[in-house]
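J.: Okay, predicted coordinates and the sequence, questions at the end:
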Amino acid sequence: MGRNFEVEHNFPGKLIIVEGIDGSGKSTQLRLLHGWLKSLNHRVFFTEWNSSALVNDAIKRGKKKNLLTPTTFSILHATDFADRLAHLIIPPLKAGSIVLADRYVYTAFSRDVVRGVNREWVRDLYGFAVKPNLSLYFKVPIDVSLKRILAGRIKLKFYEAGMDLEMNEDPKESFRLFQSQILEEYEKIAAEYKLKVIDAEEPIKKQQERIRGLVTLMLKDYRPEPML
Amino acid sequence: MKTTRAFNGISLPRVDMSDLTGKLIVIEGTDGVGRTSQIKELKEWLEVNGHAVMVTGLARSPLIGSVIKQAKDGHSLNVNTFSLLYLADFADCLEHEIIPALKAGYIVLADRYMYTAFARSIVRGADEEWIRKCYGFALAPEAVFYLKIRIKELVPRVVNSENLAEGYWIRNTDEVMDYWESGMDMKLGEDFYGSFVAYQKKIIAQFDIMAKEFGFRTIDASKDFKSVQQKLKEEISLVLGDVN
């Protein structure tokens, strides 16, 4: 098997994914897109990164005890993704629905590589992933994202702030360094996989208009017939 | 000689791989072939000869133990999820048990290694190239001993009255072996017996293929326990170069 996510899939449904660092506004944009697609009477299915029941316990337990290494962290997230792909993403794609994913394999590619995991290995690990029909990358400068994140939150979680990397003892500073490195990786990934770049500093409405334009174009050949 | 090579050249982040002065010796072979009891005796023998020995195996990591149990209890696993769960367990064991023991100069006896994981994943339909790449960070063992047995010799050993009675009366089930080890999830046969035989045939075939690919040292496990033990001791003495 090569890397499936580099080859077009044959399911009747369509997969739209959003990527970007925390505070890039991607979830807001996806929610707006979701509402719009539903208003057009499309069957839409929404899924998030790291939400399956199967591995959540192990990830939570490992995080609490700081037992996770970059490698096990990476594999457990891939396991979780494999489970969600099989149960939540592929079935609606086969049924001809539009699947919206808040974060996809590129999240793992950026985070795990920043944690020191081998770049090629993590891509191979996710070799079974389905290629999205549209990948949107929300590009935002680090300071803008930090302002958005820190405005609404008092405390940063250990792994979220990249504290396991021991770059800085101050969670805020650690978070800034961690997110900056993730941003750098995202830039490389966006070029490597030709993600559509959305300027996340633009007004929300303007971004949404651009996204709807891209989605309309992508749905041109869409026939919502289930695979039988 | 030091065991420092990764299987496929993928390095583990934040793991110091220098000075792995110990030796990693793997005993592979299908379920019920007698690996575990052989290893128990090998450990005693090596310790008598002055070696520090650690025994390790598969699916023992506290990290994923409960996940595997949960999955067995009903959550259906597809082959990729199944493969990755075992990979997480393997990585955890490698980083937290095997590498520290090798650094401390131990002889690590592995009761199964990545090869069992390859066989189990491939018979369930995983892509061969994919699964091998996933294990790209695994340490190459000093030696792999393959306890080889034919299906017609294996079946009477595993499906004997003692095992069946224990399974029936104590575990309240007629499965004499672990659910996944017996391949019950694959539903290959009408009953436990049929599933076990069909599954083991496939697993053994995979081991035979890998024996060539990875250069296993094959040991005829259809012989009695003592002969197999003797052969293992001879071969391990050669590998270590210092055991009488």
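T.: The structure has been received and is ready for your questions. Residues are numbered from 1 along each chain as shown, chains lettered A, B, ... in the order given.
J.: count of neighbours near whatever residue of chain A ends up closest to chain B?
T.: Proximity to chain B, evaluated over chain A using Cβ to the nearest Cβ, is greatest for A:Gly116 at 2.9 Å. To be clear about C-beta, it is placed using only N, CA and C from the backbone, and glycine gets the same treatment. Using other Cβ atoms under 10 Å in any protein chain shown, A:Gly116 has 16 other residues around it.
J.: Does residue 24 belong to a helix, a strand or coil?
T.: No chain was given, so I picked chain A. With DSSP: H, G, I helix; E, B strand; the rest coil as the basis, A:Ser24 sits in coil.
J.: not quite, I wanted chain B
T.: B:Leu24 ends up strand, using three-state DSSP.
J.: isn't it right next to B:Met114, touching?
T.: No. B:Leu24 is beyond contact range of B:Met114, at 11.5 Å (criterion: Cβ atoms under 8 Å).
J.: how about the helices of chain A, start to end?
T.: A:26-39, A:53-64, A:70-84, A:90-94, A:105-114, A:119-125, A:142-152, A:171-192, A:204-218 (DSSP state H).
J.: Same check on chain B?
T.: Counting by DSSP H, the helices of chain B are B:35-48, B:65-72, B:79-93, B:99-103, B:114-123, B:128-134, B:151-158, B:161-169, B:192-213, B:225-240.
J.: Out of the ones you listed, which is the most enclosed?
T.: helix B:79-93 (a mean of 26; mean count of other Cβ atoms under 10 Å in any protein chain shown).
J.: what residues does chain A put near chain B?
T.: A:1, A:53-55, A:57-58, A:61-62, A:67-72, A:75-76, A:78-79, A:82-83, A:85-86, A:115-118, A:120-121, A:124-125, A:127-128 (Cβ under 8 Å from any Cβ of the partner chain).
J.: Run through who's touching stretch A:88-99.
T.: A:9, A:11-16, A:37, A:42-47, A:52, A:101, A:130, A:219, A:222-227 (Cβ atoms under 8 Å, 6 or more residues apart in numbering or on different chains).
J.: and the helices of chain B as CSV, adding distance to chain A?
T.: Shown next, in CSV, are the helices of chain B (distance: least, Cβ to the nearest Cβ, whole Å):
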stretch, distance to chain A
helix B:35-48, 25
helix B:65-72, 5
helix B:79-93, 4
helix B:99-103, 11
helix B:114-123, 12
helix B:128-134, 4
helix B:151-158, 29
helix B:161-169, 27
helix B:192-213, 17
helix B:225-240, 28
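J.: Not counting its neighbours along the chain, what's nearest the closest residue to chain A within chain B?
T.: Nearest to chain A, among the residues of chain B, is B:Pro13, at 2.9 Å (Cβ to the nearest Cβ). Using Cβ to Cβ, 6 or more residues apart in numbering or on different chains and skipping the chain neighbours, the partner closest in space to B:Pro13 is A:Gly116 (2.9 Å).
J.: A:Ile182 now?
T.: A:Ser110 (4.9 Å).
J.: dump the residue contacts of that neighbour.
T.: Here A:Ser110 is in contact with A:182, A:185-186, A:189 (Cβ under 8 Å, 6+ apart).
J.: What is the burial count for residue 191?
T.: I went with chain A, as the question did not name one. Neighbours of A:Ala191 (other Cβ under 10 Å): 11.
J.: To clarify, I was referring to chain B.
T.: 8.
J.: Give me the below-cutoff pLDDT ranges for the chain.
T.: I'll assume chain A. A:51-52, A:65-66, A:153-154 (pLDDT under 70).
J.: meant chain B actually
T.: Using pLDDT under 70, chain B drops low at B:1-7, B:60, B:65-75, B:161, B:163-164, B:167-182, B:242-244.
J.: Can you read off the backbone torsions of the most centrally placed residue in it?
T.: For chain B, the residue nearest the mean C-alpha position is B:Arg112 (1.5 Å; Cα atoms, centre = their mean). The phi and psi values for B:Arg112, taken as degrees, to the nearest 10, are phi 80, psi 150.
J.: Could you report the separation of the closest residue to it other than its chain neighbours from B:Met184?
T.: Nearest residue to B:Arg112 in three dimensions, chain neighbours excluded: B:Leu58, at 4.8 Å (Cβ to Cβ, 6+ apart). Plainly put, B:Leu58 is 18 Å away from B:Met184 if you go by Cβ to Cβ, to the nearest Å.
J.: State the distance from the residue nearest to B:Leu102 when sequence neighbours are not counted to B:Phe216.
T.: Distances taken as Cβ to Cβ, 6+ apart place B:Gly22 nearest to B:Leu102, at 3.7 Å, with adjacent residues excluded. Relative to B:Phe216, B:Gly22 is positioned 21 Å away (Cβ to Cβ).
J.: likewise B:Ala138?
T.: For B:Ala138, the distance to B:Phe216 - Cβ to Cβ - is 15 Å.
J.: Distance of B:Pro62 relative to A:Gly116?
T.: For B:Pro62, the distance to A:Gly116 - Cβ to Cβ - is 23 Å.
J.: Need the contacts of A:Ser110 in JSON lines (columns: neighbour count).
T.: Below are these laid out as JSON lines (neighbours: other Cβ atoms under 10 Å in any protein chain shown):
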{"residue": "A:Ile182", "neighbour count": "21"}
{"residue": "A:Glu185", "neighbour count": "18"}
{"residue": "A:Tyr186", "neighbour count": "25"}
{"residue": "A:Ile189", "neighbour count": "22"}
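J.: Would you mind writing the CA trace of stretch A:110-120 as CSV?
T.: Coordinates of the C-alpha atoms in stretch A:110-120 are reproduced here as CSV (Å, rounded to 0.1, in the frame of the first residue of the first chain):
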residue,chain,number,x,y,z
SER,A,110,2.6,18.8,12.1
ARG,A,111,2.3,18.0,15.9
ASP,A,112,4.1,14.7,15.8
VAL,A,113,7.0,16.0,13.8
VAL,A,114,7.4,18.9,16.2
ARG,A,115,7.5,16.3,18.9
GLY,A,116,10.5,14.8,17.1
VAL,A,117,8.8,11.9,15.3
ASN,A,118,10.2,10.9,11.9
ARG,A,119,8.4,12.8,9.1
GLU,A,120,8.1,9.9,6.7
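J.: So the residue nearest to the centre of chain B sits against B:Ala59, correct?
T.: No. Counting by Cβ under 8 Å, B:Arg112 sits too far from B:Ala59 to count as a contact (9.1 Å).
J.: What sits closest to the most centrally placed residue in chain A if chain neighbours are left out?
T.: Most central residue of chain A, judged by C-alpha distance to the mean C-alpha position with Cα atoms, centre = their mean, is A:Arg103 at 1.3 Å. Ranked by Cβ to Cβ, 6+ apart and with sequence neighbours excluded, the top spatial neighbour of A:Arg103 is A:Trp49, at 3.6 Å.
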